[in-house]
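Trainee: how would this look folded up:
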Amino acid sequence: MATKIKVEVLINNTLEKVWSAWITPSDIEKWYFASPDWYVPAAENDLRVGGRFKTVMSSRDKTMGFDFEGTYTEVNNLSKIVYVLADERVVETTFTLESNGVKVTQIFDPETENPIEMQQYGWQCILENFKIHVDSLS
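Mentor: So this is what the prediction gives:
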């Protein structure tokens with residue numbers, strides 16, 4: 001894969017709170033969707049190298065759904081998570097402490113079904129939902 005997609009968000013909160021909201025299943029259920037017509041009825045997370053995660057994605061009208069899942073290949077507490085999806089695409093998420101908060105950056109291999117711009121927009125929307133969720137925890 002030649003092109004990678006990058007999305008990021010800056011969250012004005014502590015690194016510990018941002019990390020916790022990213023990895024805790026009950027938090028994931030509150031933010032891991034790109035638009036209000038979707039939600040997460042269940043999430044599982046075994047955050048360790050070789051561990052797996054599964055996020056059940058569902059449309060609110062229950063007409064569509066899928067499982068977003070993968071296996072962790074690198075976990076550096078409070079700084080970096082790398083995982084491989086079932087279709088072998090790699091996703092890297094970093095958490096960087098900045099002077100005005102925590103920058104969460106995701107770099108990932110695009111899939112081939114949807115345009116890159118659509119994928120970037122969807123993943124960016126998920127990060128924006130994450131920021132809203134973390135802000136609500138303060």
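
Trainee: for the longest helix that the chain contains, packing partners?
Mentor: In the chain, assigned by DSSP state H, the helix with the most residues is helix 116-137. Counting contacts by 3 or more C-beta pairs under 8 Å, 6 or more residues apart in numbering; DSSP states H and E, helix 116-137 packs against strand 5-11, helix 15-23, helix 25-31, strand 101-108. To be clear about C-beta, it is placed using only N, CA and C from the backbone, and glycine gets the same treatment.

Trainee: just the angle between the longest strand along the chain and helix 15-23, please?
Mentor: Taking DSSP state E as the criterion, the chain has its longest strand at strand 65-76. Orientation check (axes from the mean of the first three to the mean of the last three C-alpha atoms, to 10 degrees): strand 65-76 against helix 15-23 gives 140 degrees.

Trainee: so what strands line up beside strand 65-76?
Mentor: Strand 65-76 has the following strand partners under DSSP bridges: strand 52-59 (antiparallel), strand 80-85 (antiparallel).

Trainee: A43 - that's part of a strand, no?
Mentor: Yes: A43 sits within a strand when classified using DSSP: H, G, I helix; E, B strand; the rest coil.

Trainee: gap between it and F53?
Mentor: Between A43 and F53 the computed distance is 8 Å (C-beta to C-beta, to the nearest Å).

Trainee: who wins for proximity to E8 among the strands paired with strand 65-76?
Mentor: In terms of C-beta to C-beta, the element of the strands paired with strand 65-76 nearest to E8 is strand 80-85, at 13.7 Å.

Trainee: isn't R60 right up against V40?
Mentor: No: contact between R60 and V40 fails when scored by C-beta atoms under 8 Å: they sit 11.0 Å apart.
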